[in-house]
Structure formats: C-alpha cells, structure tokens
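Colleague: generate coordinates for the sequence data below:
(2 chains, ligands or ions: 2)
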Amino acid sequence: MIPLYDRIQELKAMYPDPRSAVMPALQLAQERHGGWLPEQAFREVADALDLTPAYCLSIASFYDMFRLEPVGEHVIEVCTNISCGLNGAQQVVEAFASELGLGAGETSGDGAWTLRTVECLGGCGWATVVAVNNRHRLHVQAADVPGIVAELRGESA
Amino acid sequence: MSTPEIVFAGSGGGALTQIADYEAVGGFAALAKARAMTPDEVIAELDASNLRGRGGAFFPTGRKWSFVPKPDRIAKPHYLVVNADESEPGTFKDREIMLRVPFRFLEGCLIAAHAIESKHVFVYIRGEYEQEFEVLVAALEQMKARDLLGDVTVVVHRGAGAYICGEETALLESLEGRRGQPRTKPPFPAIAGLYASPTAVNNVESITTATAVIELGGAEYAKLGVENSTGTRVFSLSGNVVNGGNYELPHGFPLRDLIYGVGGGIAGGRTLKAVIPGGSSTPILTAAEVERVTLDFDSLTGAGTAIGSAAVIAIDDRCCMVQLAVRVSQFYEHESCGKCTPCRVGTRWLTSILQKIEDGRGSQADMDLLLSVAERINGKCLCPLGDSDAIAVASYVDKFRDEFQAHIDEGGCPLHGSSSLDHVLAPVAMHTHHHAREVVPL
Ligand code: SF4
Ligand code: FES
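Modeller: Ligands and ions are numbered 1, 2, ... in the order given. Next comes the predicted model:
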C-alpha cells in the first residue's frame, strides 16, 4: 500500500492550493484508520499538508461524514428525513435497533455495528433509504431488516 | 402531453456509462459544435434558450456565464465549479443524471468551460454519493483516453456530509479546504469566487441541459415548456405516492397529473393532504391548491410558493403537520453552519417550540412566539438556510392552523398513534447537548 503521506502528495497536486486537499486527505486517513479519525490521523494529515492538527480537526468536526469516535465494522445509517419518514423510516430504525440490540447513535461493544439516523441521503423517491457502509439500499422496509443483518453477518464470518 | 427527453436523451431509460455507447447516440457532437463557436456565441445560445438554473435559484445560466470577466480583464485563472452537492430534502435528480448520463453531464462541463474560458473544472459531489463519484471518475478516464478534455482539467471533489455546502459560497469555502460557511456577497463568485478568481458555479442539471441547448440551438430549446420556464425539468417525486422516482417533463406540467398520473396516485388508497412542491425549503400547498397549479416558475410563485429544486413531496392524510414542522425544523437546526445568530439560535428555538406544541405542553403564547421567532429569522440571515426553516414552518401554520390549534386546545397531538411521522428520530435529537433544553416563553 502506498504510504498515506505519499498518497496525500498526489491529492495535493490536483489543486492550485494544497489546503484544498484537506478533505480528500481526511477521507483517506479515515479509511486507513478503520473508519474514524484518531488523534494520530490528524497529525499525519497535518504533517503531509503543512497544516496544524488543530486545523484538520476543525475541518473534520464540521462535516458529518468524518467520525471522531470509533465506528463499527458495519455502519448502518437510516434516513429519517421527510420522504423516508413518511414511508416508515422509524419502523426501519426500530427494526435495526431490536435486531442488533443497539440504540440509534450507538456502536456495539464488540465493534461490529454502528447504527445511526441521518439526514436526507438523496434517494427520497425510493424510500426508505439505508446506507450500509456508504452504499445505499433503496425501498427498505422493516421486514427486510433481519435479512440485511443476516447477510452482513455472513460477510464478516 | 408528450414528454421529450432532453436531459436523459439517448439513454432509453437505461444508463450510458460506456463512451462508445454514448458516441453511438450522437454524444460529443455538441462539444465539437461549441468548440467551433466563440465563447460569446455559446453564451448567446444559452441566452436564447432562456435556460434557468436548476439548483433552486432559477437564475439564467447564460447571464451567469456572461458575468465572468474575459481573461484579459482579470488575468487570473478562471474556474468552473459544478454544484453536485444535492442535499435539499426531497431532491434526488442530479444523482440519477450522473448515474445514467455521466458523459452528457461532463460534455456540458466542457461546453461551459469553453464559454467562460476556463481550463479548470471542479465537480463538488456530495460525499454520500459514492457510487456516483465512481461513475464520474470512470467516465472521465474514458474521455481522457479519447483526448476529449484537451487542455482542461476536471477534478471530482467529494464533500463530507454538510447540507450547507450546497450554498455556492459555502461550497467554495469547502473546496478551498475550509469549514463550509457561506461568505458575504459581494464580491460575487463571478468576480472573486474560488481562490478569489472569476468563477461560475452551476448545478448538474443546468450543465447537462446546456449540452442539449447547443445540440438543438437555443431558440429551438426555448419552444419547450412555457413562458419564463423553458425546457424540461427532472422532477423528483417522493412521499406517499405509488411510483416515486425522477420524471423528466416539460415545465408547465400540471402538478395533479404528476401525482395522480405519472406518480400513480396516493399509495394505499389514502387521500392527499398536502404537497411540498420544490424541496423542503418551499412553502407547502394544500390538496385543493394542488389542483390549480402547474409546475413552472410563474404558477408556483403565483401560489405563494416556489419551484425550488423541483422536488415534489406528496403527503397523505395520516401525517400530523406539527410533526412535519418539527422534523423539517430539526433538519435546518442540524445543518445550520452557526455563522449567524438568527439562524443558529432561531432554528433551535423553532424546533423546541414546535416540539412543545406537539407534546401537548404548548400554550397560545407559544404559537405567537413560534411565529415571532420565524419572523425574526426571515430576512436576517447571511444565506437562505435560516429563512428556509422560517418560511416552511410559517407556511404549515398558515395552511393548517386548525391542526396546530387543536394540539393546544386538546393538550396533545390529535393524530398521535396513527401519524406517519410519529416518533421519527432526527439526527439532531441524538446530539447529547440537546437533551435538557426547554423553551421559556418570553
Ligand atoms: S443562515 Fe444559517 S447556514 Fe446560512 S450563514 Fe447564517 S448560520 Fe450559516
Ligand atoms: S428523505 Fe430519505 S433519502 Fe431523501
């Protein structure tokens, strides 16, 4: 694997101002650190971009997709905005919660699952939209949830 | 009514992700045509088409391009920035455009770059659109292999989950590697946008439509649609309808026909209660008003609302309007960038007061307070986000006042236990710092 520092230099070269690479660099660092950004990640990104770790943290804390705490191996995000809400999103959230034994906003003790609700994922006409590790599943109903969980359990086994 | 495909032309209901397939249906002919024209000639075609921005503001695209100074006037690099940060609740059209006609979209980027004499294109795509990002990158690789980019560089830049970055100056801040907080205007992006250089910021659908305008000619394009709203539009239909999805239709299409015809009517044999016609920021329409309006700028503006991002959300009779107001307000509260006080504090107040009314703890004074807070947000913010919350909530009260009143009179939600939005959990409600808050009426 190409070292993070070197990959960030490539990202830097895509922009007239290296500062612009801070978001893609944080995205990359997050991938390399198991889906979240520990302190170490901010030092690495800052070092590669000639910024301070505090500056990088100020960016990460602004955007929802940067995670400042560890996340599970599978991250389940259920949209509960208007169109999904009108089509049973809350029942989908509750089905995941009972299937996983986890409240929304929590990560399981074994580090396998994170369950969250999120704002509109841009798939409103295909409600309910659920992002599973960033990939969107459409038309999800509460009844589909046990199947989705079983499928993901199978993947990790 | 016939429904010409302008944006999705050539795709035949499928996806054109292989360059050879796109070329087989006449792809890149518009680019060749545009490159044989001067930038001013391209802009003149756009002016003749009267294409207006599809992101929500409806600003004429040709005029926007003409505001970018000629390179000899400002000797800095010029930038084309495409806003693919589609995040307005109800809106999911740009996503389908990028997935199904990525080359047609990228062709439009190159046409626009030629028109504003730019060599640098940035496509800012929302972080949640991972698959769309991959499709665009793959399409770009194929175009590079065909040498179609010439001396233009195209960078696809991923956002990271912030609705506010759909506001153009916040998007530019974000692209510069900063927190996505809107800038004061002027200066406008055309003069001092990305890296303080001349910049045009356009929506994905606008850019894709520009390809069609060059293909057909501006005057021919302008024959589609209705006066002041030319051409077609990709309408995102969602909510309690049988067939949710994106539908490309001419402007001026009757709203009722979209819902009951194309959309297959209200799901489960229920009845329509209300429609949000242009994304969550636009004022709501009652079922009776739906019968009277057509989907274009003039008709919707005349009805006191807006075409916005052309995202039509149908709401059936189960939904409690106070719960809807809570959920919409929670969204804006969550997405406020925090830069100005009326928005940062006001959106939170709106949510809290609405929740109090929904819970049956509201008094008449809370109703007055709600509207007074909305008034004190509206028009007093740096960008439209705060206003959107105030305007949307005020419209629910205006159109469904009896329902709000019933919550106060009956000391609770009349629809509780059967409303489609019962207990729906917003992300902002998971924030620990919000647990203990309470609104004290003034
Ligand atoms: S209105 Fe809200 S989102 Fe817009 S700049 Fe002010 S605080 Fe930020
Ligand atoms: S409301 Fe759920 S994807 Fe838009």
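Colleague: strands along chain B, start to end?
Modeller: Ranges of strands within chain B are B:79-84, B:120-125, B:153-158, B:199-203, B:225-226, B:229-230, B:232-239, B:245-250, B:253-254, B:272-276, B:285-286, B:294-295, B:311-316, based on DSSP state E.
Colleague: for those, could you give me TSV that also reports mean neighbour count, mean pLDDT and distance to chain A?
Modeller: All C-beta atoms are positioned from the backbone trio N, CA, C, and that covers glycine. Shown next, in TSV, are the strands of chain B (neighbours: other C-beta atoms under 10 Å in any protein chain shown; pLDDT from 0 to 100; distance: least, C-beta to the nearest C-beta, whole Å):
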stretch	mean neighbour count	mean pLDDT	distance to chain A
strand B:79-84	27	98	9
strand B:120-125	24	98	8
strand B:153-158	19	98	5
strand B:199-203	26	98	12
strand B:225-226	20	97	22
strand B:229-230	23	98	22
strand B:232-239	27	98	4
strand B:245-250	20	97	5
strand B:253-254	20	98	16
strand B:272-276	24	98	7
strand B:285-286	19	98	15
strand B:294-295	22	98	16
strand B:311-316	28	98	6
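Colleague: quick check: longest helix of chain B.
Modeller: As assigned by DSSP state H, the longest helix anywhere in chain B is helix B:341-358.
Colleague: quick one: list the elements packing against it.
Modeller: Packing partners of helix B:341-358 (3 or more C-beta pairs under 8 Å, 6 or more residues apart in numbering or on different chains; DSSP states H and E): helix B:321-335, helix B:364-377, helix B:384-399, helix B:401-409.
Colleague: quick one: the last one to chain centroid distance?
Modeller: This points to helix B:401-409. For helix B:401-409, the separation from the chain centroid amounts to 31 Å (computed by C-alpha atoms, centre = their mean, to the nearest Å).
Colleague: tell me which parts of chain A are close to ligand 2?
Modeller: Counting by C-beta under 6 Å from any ligand atom, the residues of chain A close to ligand 2 are A:79, A:81-84, A:120-124, A:127, A:129.
Colleague: can you tell me which of those end up in strands?
Modeller: Under the assignment DSSP E, the residues of chain A next to ligand 2 contribute A:C79 to strands.
Colleague: closest one of the residues of chain A next to ligand 2 to ligand 1?
Modeller: When these are ranked by distance to ligand 1 (C-beta to the nearest ligand atom), A:C120 comes first, at 16.1 Å.
Colleague: what number of residues are in the vicinity of the closest residue to B:R344 other than its chain neighbours?
Modeller: Using C-beta to C-beta, 6 or more residues apart in numbering or on different chains and skipping residues adjacent in sequence, the residue nearest B:R344 is B:G338, 4.7 Å away. Using other C-beta atoms under 10 Å in any protein chain shown, B:G338 has 12 neighbouring residues.
Colleague: give me every residue that touches the residue of chain A found nearest ligand 1.
Modeller: As assessed by C-beta to the nearest ligand atom, ligand 1 sits closest to A:F62 within chain A, at 11.4 Å. Each residue near A:F62 by C-beta atoms under 8 Å, 6 or more residues apart in numbering or on different chains is listed here: B:162, B:179-180, B:337.
Colleague: list just the nearest of those to chain A.
Modeller: B:R179 (4.2 Å; C-beta to the nearest C-beta).
Colleague: isn't that closest one up against A:I59?
Modeller: Yes - between B:R179 and A:I59 there is a contact under C-beta atoms under 8 Å: 6.3 Å.
Colleague: switch the residues of chain A next to ligand 2 over to CSV; also include neighbour count.
Modeller: What follows is the residues of chain A next to ligand 2, written out as CSV (neighbours: other C-beta atoms under 10 Å in any protein chain shown):
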residue, neighbour count
A:C79, 29
A:N81, 30
A:I82, 29
A:S83, 33
A:C84, 31
A:C120, 29
A:L121, 26
A:G122, 27
A:G123, 26
A:C124, 32
A:A127, 27
A:V129, 28
